[in-house]
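K.L.:
What shape does this take:
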Amino acid sequence: MNKAFTREPEGGEDDDEDLPAASRLPPGGKNYMTRRGYQALRVELDQLVRAERPKVVEIVSWAAGNGDRSENGDYIYGKKRLREIDRRIRFLTKRIDTAEVVDPEIHAGSDQVFFGARVTILDVNDAAALEESWQIVGIDEANVSTGRISWISPLARALLKAHEGEVVRFMSPAGVREIEIVGVKYE
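P.N.:
Take a look at the predicted model:
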């Protein structure tokens, strides 16, 4: 079918439904994030708006001037890339507008787990288990490989409001786990 007779989805394309479940905000929930996570989103948005989008617009306008657009790869790819950039800009703008920046330092010295805490845990049912350290952060800044988990993850939900020395239970993909909170620190 000719592209002239197809439509792009209207509205909604930047909604959370397109995201994996782990990246969606809970309905009616707040978009908590650390100052570092907020700054990372601002930097990405600024880079897209000031650098990447203008380059792609320049390429598309140059390609449009070359004649037949239906077989012009630069034009077709450029328009597709421009839609992707615009979608990401809308998403970032929405996330930044709804962000509630939380400073973990206000809880410094506390042994209770709040948003932003770096929590050291130990699996009580596994004698060979090593201590693990996780920082509880916003949805957009979670990265398991760097030890940062989203505040809506099952582990983080079990840890929140608990105190150092407590044993908490939570449902993991492998089943029910019991973990002891060995340390709580705010960075």
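
K.L.:
any weak-confidence spans in this protein?
P.N.:
1-23 (pLDDT under 70).

K.L.:
and the residue most central in space within it, what does it touch?
P.N.:
The centroid of the chain falls nearest to residue 140 when counting by C-alpha atoms, centre = their mean (1.6 Å). Going by C-beta atoms under 8 Å, 6 or more residues apart in numbering, residue 140 touches 23, 31, 33, 37, 40, 41, 95. In short, each C-beta sits where N, CA and C put it, glycine included.

K.L.:
so where do the strands sit in this structure?
P.N.:
For the chain, the strands defined by DSSP state E occupy 31-33, 99-101, 117-123, 132-137, 148-150, 167-172, 175-186.

K.L.:
So for the fifth one, what gets flagged as buried?
P.N.:
Residues of strand 148-150 classed as buried: 148, 149, 150 (neighbour count, 16 or more other C-beta atoms under 10 Å).

K.L.:
same thing with the first one?
P.N.:
Neighbour counts over strand 31-33 (16+ other C-beta under 10 Å) mark 31, 32, 33 as buried.

K.L.:
Tell me how far the residue nearest to residue 49 when sequence neighbours are not counted lies from residue 54.
P.N.:
Of all residues not flanking residue 49 in the chain, residue 89 sits nearest, at 6.4 Å (C-beta to C-beta, 6 or more residues apart in numbering). Separation of residue 89 from residue 54 (C-beta to C-beta, to the nearest Å) stands at 12 Å.
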